[in-house]
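Colleague: Starting from these lines, generate the structure:
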Amino acid sequence: MSKEIECHERLTKVFRENFDNPTLEIEDEHNADSIPGWDSLAHVTLIVSIEEEFGVSFSTAEIASLNCVGDIRKIIIERAEF
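Modeller: Here you go, the predicted structure:
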């Protein structure tokens, strides 16, 4: 399985769990405006869940600059062990 596919599958799982939506499908362009419930508090909770799932850490500046799923995925692929 490629890194990209594994990352997408695991990231989808995290989003589904955090937003309590078992059918949620994510795309790189999805953001807080396109996913119901993705507010500032949900953003922090989501980032913590992603850090735990992938064993990566985001800096405060990175967290503030993560505007869409693609931004998150890019950092995960660069840093996570697959």
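Colleague: The lowest-mean-pLDDT helix or strand in the chain: which residues count as buried?
Modeller: In the chain, no helix or strand scores lower on mean pLDDT, DSSP states H and E than helix 60-65, which sits at a mean of 91. Buried residues in helix 60-65, counted by 16 or more other C-beta atoms under 10 Å: I63. All C-beta atoms are positioned from the backbone trio N, CA, C, and that covers glycine.
Colleague: after it comes which helix or strand?
Modeller: helix 69-79 (DSSP states H and E).
Colleague: Give me the contact list for that next one.
Modeller: Residues from elsewhere that reach helix 69-79, judged by C-beta atoms under 8 Å, 6 or more residues apart in numbering: 3-4, 7-8, 11, 15, 26-31, 50, 54, 56, 58, 62, 65-66.
Colleague: Could you rerun that using 7 Å?
Modeller: Helix 69-79 is contacted from outside by 3-4, 7, 11, 26-30, 50, 54, 56, 58, 62, 66, using C-beta atoms under 7 Å, 6 or more residues apart in numbering.
Colleague: who's in contact with the least confident helix or strand of the chain?
Modeller: Residues outside helix 60-65 that contact it (C-beta under 7 Å, 6+ apart): 47, 75.
Colleague: do that again at 10 Å, thanks
Modeller: 43-44, 46-48, 51, 57-59, 71-72, 75 (C-beta atoms under 10 Å, 6 or more residues apart in numbering).
Colleague: For the residues you listed, pick the one with the most neighbours.
Modeller: Counting neighbours by other C-beta atoms under 10 Å, I72 leads those with 26 neighbours.
Colleague: Against V56, how distant is it?
Modeller: 10 Å (C-beta to C-beta, to the nearest Å).
Colleague: so what sits against both of the two?
Modeller: Joint contacts of I72 and V56 (C-beta under 10 Å, 6+ apart) are 47, 50.
Colleague: all strands of the protein, in order?
Modeller: For the chain, no strands turn up when DSSP state E is the criterion.
Colleague: now the helices for it?
Modeller: 3-18, 40-54, 60-65, 69-79 (DSSP state H).
Colleague: Need the nearest residue in space to L24, chain neighbours excluded.
Modeller: Computed as C-beta to C-beta, 6 or more residues apart in numbering, the closest residue to L24 that is not its neighbour in sequence is R16, at 4.9 Å.
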